[in-house]
Each structure stands twice: as C-alpha cells, then as structure tokens.
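Visitor: My questions are about this predicted structure, shown below with the sequence.
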Amino acid sequence: MTPAARIAAAIEALDRHLAGDPVEVALISWARGNRFAGSGDRAAIRDLVFEALRRRRSLAHRGGALSGRGLMLGLCRAQGIDPEQIFSGARFAPAALTEAERAAMAAAAAPEGLVALDCPDWIAPALQASLGAEFAAVMAAQQARAPVFLRANLARGPRAAAQAALAAEGVVSQPHPLADTALEVIEGARKIQSSRAYAEGLVELQDAASQAMVAALPVRAGQSVLDYCAGGGGKVLALAARAPGLYLAHDIDAGRMRDLPARAERAGVRVGLVAPGQAPGAQDLVLVDAPCSGSGTWRRTPEAKWRLTPERLVALVAIQRDILGRAAELVRPGGQLAYMTCSLLAAENGAQIAAFLARDPRFRLEEERRLTPLSGGDGFYLARMRRV
Ligand SMILES: C[S@@+](CC[C@H](N)C(=O)[O-])C[C@H]1O[C@@H](n2cnc3c(N)ncnc32)[C@H](O)[C@@H]1O
C-alpha cells in the first residue's frame, strides 16, 4: 500500500472508532474487510491510528475536524507534509480536499495550552494538582509512543543472558535503569513474540515502571503472597521470579487469569489460582494492583484518555476503596499490603491511601513511590503498608 492508501485506511478505522467501536475492534474490522493488506501495512495503519489518538485534540484542531479525515489532515500538517499531496483523490488515496476543509485548516491557529498538550479540559485541574510543576512535561511525554520493555525472567537466568539470546534472534535491547530486570527494545520489537527467548520464558513483556514497583516489594523465600487483582498475572509472575514461595492469583473476573497457568509454566514459576470470592488464609503479602484510570499509560492506551469521564473516575475510586478493604482482611498481623495503580491522579493514589489509613488503624504506611512517564516507563504509584 502507498503512504496515501495507508492514510485512507487509517481514516476509515478512526471513523469507526469515533462512531463508538473500541480502537482494536475498528482495526480488526478494517483488516477483515481488506484482506489484501499485509502485516506490514496493518502495522503501519495501526501506528497511524494510535498516533492520531495520542494527539487527538491537537490534531483535530490542526485538521479542522474531529473525524478520521480531520485527524489525518492534522497529522500531515504536524509532520510538515503538504496535505494536498496525500488528499489527492487518486486511486486508493483519500478524496481530494474540499474548499471547506482548506478553509478550516487555514483558520486553525497553532494549538495552545491544553489543546497543544492533548489534555481533556475536565481532568486538567486534577492532573495539575497531582503533578505540580511536571504537569506540562508529563502530558507532552504522553503524546509520544511508549518504548517497548521486556522483563528478564531471573528464574530463567540473568538479564545479560536474556539480552544476548534476544540479540541472536534480531531483537536488539539495552538495560534500562528503572529496574535491574528491565530491557528496552531498540530494534526488532515485532519479532519478540515469535522468538525462542520469549517462548522459553527468558523474557516477558512488561513496562519498566511496573517492574520497578514490583522490585520495591520485599520478597523472602517461602513467603505467602496473594495478588488480589491479578489480571493476566504480570505482577505475580514478576514477584515469583524473584524468590520461591507460595504465590496465589485472584481476580474478580477469572477469565482474565486464563493465560496465567501457561505463562507461569513458560516462566518456570508456580502460581496457584484462587476462584473469585474464595478466601485464602492470611498472607505475608497481599498485592492490590487496582483497576484505575490508567492515566499513567495513556501512551499505550490513548483511547482511554478520551473515554474517561468524571463519573467513571468517581466509580473507580469507590471500587479501589472497596478492594482495599477486602484485601486488608487477608493480610496476616505483621504482614504487608501493597497498593499500586498506573494512575497519575492523587485521588486514586495518595489520597486513596490516606483515606484507607484513616479508616483502618491496623495499617501503617512504610513507603510510597511515584513514577511518571518522565522516567521512561509508565506512570505508576506504590504504597507499601504493614499491618501492625
Ligand atoms: C490493573 S488490572 C491488573 C493487572 C495485573 N496485575 C497485571 O500486572 O497484569 C486490575 C484488575 O483488577 C480486577 N478487578 C476489578 N475489580 C476487582 C475486584 N473487586 N476484586 C478483584 N479484582 C478486581 C480486574 O478484573 C483487572 O484484571
């Protein structure tokens, strides 16, 4: 496909998405209806769509409309490409520009303020309060694509050995300072999942900040650990790789843990599954990787930035509060409770924990950590508490 044809495809997928389809569904629908497109084309179209969503507000401003065409026009302009060259009306290219489109683009001044930062108006005050002087830099960082990170699985060998095995298969990576397990992929990211290094469990895909937060948790051989919101198991697998122990995974939606047994086997670690609502005995460490706004991961999941609403945020804070209360009951006296989110918002992080500690005097805060995308990985929050 020509660059113009790929842009025409991205316009179609974006229009489906803007009409209500989740972005992944929109991309799959496009691919099903256009089976001639090869994997290289599909990947390029996906990149265009995600680029447009990360910068949805500023590109719509530059392109004169919040539509597939408006976003792609805005992207051309932001990249210094003359839209007339792409929007030519030639075969497979987007239809030629209309006079109205030319006029709308000509009228659009350079984006400023929250538009330039691609920040929804309603959430800006909360983000500004949470991020302080870093607000603009963090929002700007979220406009760029996230790096691809791998976690070297120490249960299978050291990071350098994983790096060498990947390099032999064309996946070039370098150690990342956020965690002693983190590798940042520089070349060959598309080969990771078909590599032997991945199949043999030497590495897992995991954001570097996520690895850093897990590394901050204490692990001792033989301890009992419950990952209360395990999802696909990224955190519990990373913990289990550090020391043998009794690891359990729980999620309200058992379907989310579907792949966990296979992932644990690949990684050479053991993780038991706990059915939703089933109460395991008191644990040395309970980890709550809570459902959250995901505001620290908007580079990877840009549609979430535009889908989040004030009502959903209030609901998430209530869910987190409820989960904390339940998880706290599963910590043995003297044991630890670790609460994490990939949010940048104080309401889901420090304020949530302050309210929990005020409600439950059995717990003391031992450590809080915050990371933003300015450190290279996702935005993350960790509070480590002890039941005294
Ligand atoms: C941030 S994700 C977990 C990601 C996972 N820990 C990982 O590293 O791959 C949050 C998870 O919490 C689960 N969840 C939501 N509400 C819950 C609840 N009330 N109790 C337990 N899990 C819940 C969701 O199903 C989701 O899988």
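Guide: Great, that's in hand. Numbers count the residues shown, from 1 in each chain.
Visitor: the residue most distant from the middle of this structure, which is it?
Guide: When distances are taken from the C-alpha mean of the chain, Glu99 lies farthest, 39.7 Å away, according to C-alpha atoms, centre = their mean.
Visitor: got the contact list for that residue?
Guide: Taking C-beta atoms under 8 Å, 6 or more residues apart in numbering, we find Glu99 in contact with no residue. In short, each C-beta sits where N, CA and C put it, glycine included.
Visitor: just checking, what's the longest strand in the protein?
Guide: strand 331-341 (DSSP state E).
Visitor: What is it packed up against?
Guide: For strand 331-341, the elements it packs on are strand 283-289, helix 310-328, helix 350-359, strand 380-387, judged by 3 or more C-beta pairs under 8 Å, 6 or more residues apart in numbering; DSSP states H and E.
Visitor: Could you tell me which residues of the stretch 151-300 of the chain lie near the ligand?
Guide: Within reach of the ligand by C-beta under 6 Å from any ligand atom, the stretch 151-300 of the chain has these residues: 228-235, 251-253, 256, 289, 291.
Visitor: Quickly check those for the two that are furthest apart.
Guide: Gly234 and Ile252 (16.7 Å; C-beta to C-beta).
Visitor: for the protein, what helix or strand is lowest in average pLDDT?
Guide: One helix or strand of the chain scores below all others by mean pLDDT, DSSP states H and E: helix 99-107, with a mean of 93.
Visitor: And the chain, what are its domain boundaries?
Guide: Listed domain ranges for the chain are 3-112, 148-206, 210-387 (source: automatic domain parsing).
Visitor: Got the phi and psi for Arg151?
Guide: The phi/psi pair for Arg151 (degrees, to the nearest 10) reads phi -110, psi 120.
Visitor: Near it, how many other residues are there?
Guide: 27 (other C-beta atoms under 10 Å).
Visitor: contacting residues for the closest residue to it other than its chain neighbours?
Guide: Nearest residue to Arg151, sequence neighbours excluded (C-beta to C-beta, 6 or more residues apart in numbering): Gln206, at 4.1 Å. If you count contacts by C-beta under 8 Å, 6+ apart, Gln206 has them with 149-151, 234, 238.
Visitor: wait, which of the residues you listed is closest to the ligand?
Guide: Nearest to the ligand out of those is Gly234 (C-beta to the nearest ligand atom; 3.0 Å).
Visitor: That closest one contacts Ala209, correct?
Guide: No - counting by C-beta atoms under 8 Å, Gly234 stays clear of Ala209, with 11.9 Å between them.
Visitor: who has more neighbours, these two?
Guide: A direct count of neighbours by other C-beta under 10 Å for Gly234 and Ala209 places Ala209 higher, at 29 against 21.
Visitor: What strand or helix carries the more buried one?
Guide: helix 208-215 (DSSP states H and E).
Visitor: could you give the angle of that helix to strand 283-289?
Guide: 160 degrees (axes from the mean of the first three to the mean of the last three C-alpha atoms, to 10 degrees).
Visitor: what residues does helix 208-215 touch?
Guide: Taking C-beta under 8 Å, 6+ apart as the rule, helix 208-215 contacts 147, 149, 151, 176, 178-182, 184, 234-235, 238-239, 242, 296, 340, 342, 369, 371, 375-380, 382.
Visitor: Buried ones in it, by neighbour count?
Guide: 208-215 (16 or more other C-beta atoms under 10 Å).
Visitor: Repeat that for stretch 135-154.
Guide: Buried residues in stretch 135-154 (16+ other C-beta under 10 Å): 135, 138-139, 141-143, 146-154.
Visitor: quick check, nearest of those to the ligand?
Guide: Arg151 (10.8 Å).
Visitor: Pretty sure that closest one sits against Leu239.
Guide: No - here Arg151 lies out of contact with Leu239, judged by C-beta under 8 Å, at a distance of 11.3 Å.
Visitor: Tell me which of the contacts of Gln206 fall in strands.
Guide: Among the contacts of Gln206, the members falling in strands (DSSP E) are 149-151.
Visitor: centroid residue for the protein?
Guide: Thr297 (3.8 Å).
Visitor: residue contacts, that residue?
Guide: 146, 207, 304, 342, 378-379.
Visitor: again, 10 Å this time
Guide: 142, 146, 207, 209-210, 304-305, 342-344, 373, 377-380 (C-beta atoms under 10 Å, 6 or more residues apart in numbering).
Visitor: among those residues, who's most crowded?
Guide: Leu344 (32 neighbours).
Visitor: Assign it to helix, strand or coil.
Guide: coil (DSSP: H, G, I helix; E, B strand; the rest coil).
Visitor: from memory it sits against Cys119, does it?
Guide: No - with contact defined as C-beta atoms under 10 Å, Leu344 does not count as touching Cys119 (11.4 Å).
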